[in-house]
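K.L.:
here's a sequence, model it:
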Amino acid sequence: MKKARLIVVLAVIIGLAGFLAAPQASAQVLDGKWFRLNCTIKAMQVNETTGVMAPFNLNFTAYMYFMHEGWTNGTALYYIEVWSRTAPGHWVMTNNENLNPTLPWSDLVFPDFGIQFYGEGKTYIISYITPFVNNKLTTLFAQGEIFGGLNSAGNAIYGGITIQGSAVSAPPFVIPVIK
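P.N.:
Predicted coordinates:
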């Protein structure tokens, strides 16, 4: 009886130690990970001079990069970059931010954060998104709100954005080297 109790206690201690170590081990799985983002905007465009409103829909591609930066208060810290195409063959980093995942035991759910996307011409949007990465690290999903921006006609954009992402080994553009 004492031997069985000792085995159970040891199993619980080993299991608890493994559970507590899991966030540190899993945090680095997103390190160096790229996602191709297929972004869908369903919004309203508003001519702020005339007050005329009309539907505005747009699909575009962007890229998101994760780099593990270390730990803060026992939670992983990630540096995240977002790259958008502003002209054919021309990609720029439109956003970068340090973020801690929302859940201390999972590095796959991130809090709302502000993100900007710049498109071709004068189009840009400013939004908040909440990204989720699946357990297999192959897909990313984000939902968000567009609270500002302009389309190429100069109309203000307000509405929603949905992002479906898939893991890629590298983006299709060369990242400039900063000296």
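K.L.:
and Met53, what is it in contact with?
P.N.:
Met44, Gln45, Val46, Asn47 (Cβ atoms under 8 Å, 6 or more residues apart in numbering). C-beta: built from backbone N, CA, C; applies to glycine.
K.L.:
isn't the second one right next to Gly154, touching?
P.N.:
No - counting by Cβ atoms under 8 Å, Gln45 stays clear of Gly154, with 9.5 Å between them.
K.L.:
so for those two, which sits in the more crowded spot?
P.N.:
In this view Gln45 and Gly154 are compared by other Cβ atoms under 10 Å, and Gln45 has more residues nearby, 21 against 12.
K.L.:
now do the buried residues in the longest strand along the chain.
P.N.:
Secondary structure assigned by DSSP state E gives strand 53-72 as the longest strand of the chain. Neighbour counts using 16 or more other Cβ atoms under 10 Å place Phe56, Leu58, Phe60, Ala62, Tyr63, Met64, Tyr65, Phe66, His68, Glu69 of strand 53-72 among the buried residues.
K.L.:
closest to Val29 among the contacts of Met53?
P.N.:
Val29 has its nearest neighbour among the contacts of Met53 in Met44, at 38.8 Å by Cβ to Cβ.
K.L.:
now do the host helix or strand of that closest one, average pLDDT.
P.N.:
Using DSSP states H and E, Met44 falls within strand 33-46. Average pLDDT, strand 33-46: 95.
K.L.:
between the contacts of Met53, which sits nearest Gly148?
P.N.:
For the contacts of Met53, the nearest to Gly148 is Val46 (11.1 Å; Cβ to Cβ).
K.L.:
where in this protein is pLDDT low?
P.N.:
Scanning the chain for pLDDT under 70 picks out 1-27, 103-105, 177-179.
K.L.:
which residues of it fall in strands?
P.N.:
Along the chain, counting by DSSP E, strands occupy 33-46, 53-72, 75-87, 90-99, 113-118, 124-133, 139-150, 156-168.
K.L.:
contact partners for Thr40?
P.N.:
Counting by Cβ under 8 Å, 6+ apart, Thr40 has contacts Asn57, Leu58, Asn59, Ile161, Thr162, Ile163, Gln164.
K.L.:
how about the fourth one, nearest residue that isn't a chain neighbour?
P.N.:
Nearest non-adjacent residue to Ile161, counting by Cβ to Cβ, 6 or more residues apart in numbering: Gly144, 4.7 Å away.
K.L.:
what about that neighbour, neighbour count?
P.N.:
22.
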